[in-house]
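Participant: Return atomic coordinates for the entry below.
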Amino acid sequence: MKLYKYTNGKCNISGSIIRDLRERADLSQEQLAARLQLAGLSLNQKAVSRIETGDRVVPDFELIYFSEVFGVPVCKLLNKELCKNSAHIT
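Facilitator: Next up, the predicted model:
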C-alpha cells in the first residue's frame, strides 16, 4: 500500500496537535502510551514519537483513543479551526 504524505511532508496532520496536548497535560511520551494502552490501544513510546514527528500515519480509529485520553473532540486532533466550525456539520 502506498502512503501519501501530506503537503508538509508528514504522514499525518494530528501529530503536532497531539504533541501540544501531551505537553500541556505534562505527560511524557511513555506516559501517554501507557494511558492509550489502558484505554485499549496498543501503542508504545516509539509509536507516539513517530506520530508526533509525522513519520507515522494515524488511522481514524486511533484518533478516537487520543480524543478520549485527552478529553477533546476528534475534530480538535484534525484541525484546530475545524472545531470552531463544527456547529455547521450535520
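Participant: Leaving out chain neighbours, which residue sits closest to V72?
Facilitator: Leaving out its chain neighbours, the residue that sits closest to V72 by CB to CB, 6 or more residues apart in numbering is L21, at 6.8 Å. Every residue, glycine included, has its C-beta placed from N, CA and C.
Participant: pLDDT below threshold where in this structure?
Facilitator: Scanning the chain for pLDDT under 70 picks out 1-7, 80-90.
Participant: Can you give me the neighbour number for the residue nearest to V72?
Facilitator: Close neighbours of L21, defined as other CB atoms under 10 Å, add up to 20.
Participant: What of A39?
Facilitator: 12.
Participant: so who does it touch?
Facilitator: Residues near A39 by CB atoms under 8 Å, 6 or more residues apart in numbering: Y65, E68, V69.
Participant: ok, of these, which one's closest to L32?
Facilitator: The closest of those to L32 turns out to be V69 (CB to CB; 7.1 Å).
Participant: who's in contact with the closest one?
Facilitator: Each residue near V69 by CB under 8 Å, 6+ apart is listed here: L32, R35, L36, A39.
Participant: Helix, strand or coil: sort out the nearest residue to V57 once chain neighbours are set aside for me.
Facilitator: Distance criterion CB to CB, 6+ apart; nearest residue to V57, sequence neighbours excluded, is C11 at 4.7 Å. Following DSSP: H, G, I helix; E, B strand; the rest coil, we place C11 in the coil state.
Participant: Surely C11 touches T53?
Facilitator: No: contact criterion CB atoms under 8 Å: C11 and T53 do not qualify, at 9.3 Å.
Participant: These two - which one has more neighbours?
Facilitator: C11 (17 against 14).
Participant: Angles on the backbone of the more buried one, please.
Facilitator: Per-residue torsions, C11: phi -90, psi 0 (degrees, to the nearest 10).
Participant: Could you report the distance from it to G40?
Facilitator: 23 Å (CB to CB, to the nearest Å).
Participant: Perfect, that will be all.
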